[in-house]
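Asker: Coordinates only, no sequence provided:
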């Protein structure tokens, strides 16, 4: 199970692009609201109904945690102490962590990107404490998967699919979604 943490002000394309690609590959993703309600509103007014609330899940069996970007969504994620605790437990277990756009700052502020290659939305690299900012569209280093911004959403999804399902499945999805025609 992949848990995608949703907060008001999330970037819709980043969240739903990654979630869509992963679900097409058969990966289970639970959209988790860290807000007081199940309905979470994106940065551009798109509202989604989360699958669960933050306190509803046991994250010890999670395969991956995913943080969508967008502002102020990424800041809400960064300020959520219960989420920070979940991330640190997941990190300590050596399990994969993904984030896109402004959201890699959460990992940087927790001090867990030390020595890792990472990317994020330009201007947020100052929050990637100890990381090697690459400015690549997507980056994967050890247990960290990061994406630069909205245009990286599909590729980050394919990177996650390749990790869990294999490169052949990711390539089949790319072809079916006409990603290679760009």
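Answerer: Great, that's in hand. Computed from a prediction, not measured in an experiment: that's the story for all the values here.

Asker: can you list the weak-confidence ranges in the protein?
Answerer: For the chain, no stretch has pLDDT under 70.

Asker: could you pull out the helices for it?
Answerer: Using DSSP state H, the helices found in the chain span residues 12-24, 73-79, 81-92, 104-109, 153-165, 167-176.

Asker: Return the most buried member of those.
Answerer: Mean neighbour count, computed with mean count of other C-beta atoms under 10 Å, is highest for helix 104-109 among the helices of the chain, reaching a mean of 25. For glycine as for every other residue, the C-beta is placed from the backbone atoms N, C-alpha and C.

Asker: Next, the residues that contact it from outside, please.
Answerer: For helix 104-109, contacts defined as C-beta atoms under 8 Å, 6 or more residues apart in numbering pick out 67, 74, 77-78, 83-84, 87, 97, 99, 113, 118-120, 124, 127-131, 144, 146.

Asker: Could you do stretch 152-169 as well?
Answerer: The contact list for stretch 152-169 (C-beta under 8 Å, 6+ apart) reads 2, 13-14, 16-22, 25-27, 63-64, 66, 96, 98, 100-101, 119, 137-138, 140, 145-147, 170, 173-174, 177, 179.

Asker: Try it again at 7 Å.
Answerer: By C-beta atoms under 7 Å, 6 or more residues apart in numbering, the residues outside stretch 152-169 that reach it are 13-14, 17-18, 21-22, 25, 27, 64, 96, 98, 100, 137-138, 140, 145, 147, 170, 173-174, 179.

Asker: try stretch 134-147
Answerer: Residues outside stretch 134-147 that contact it (C-beta under 7 Å, 6+ apart) are 94-101, 104, 107, 113, 116-120, 148, 152-153, 155-156, 159-160.
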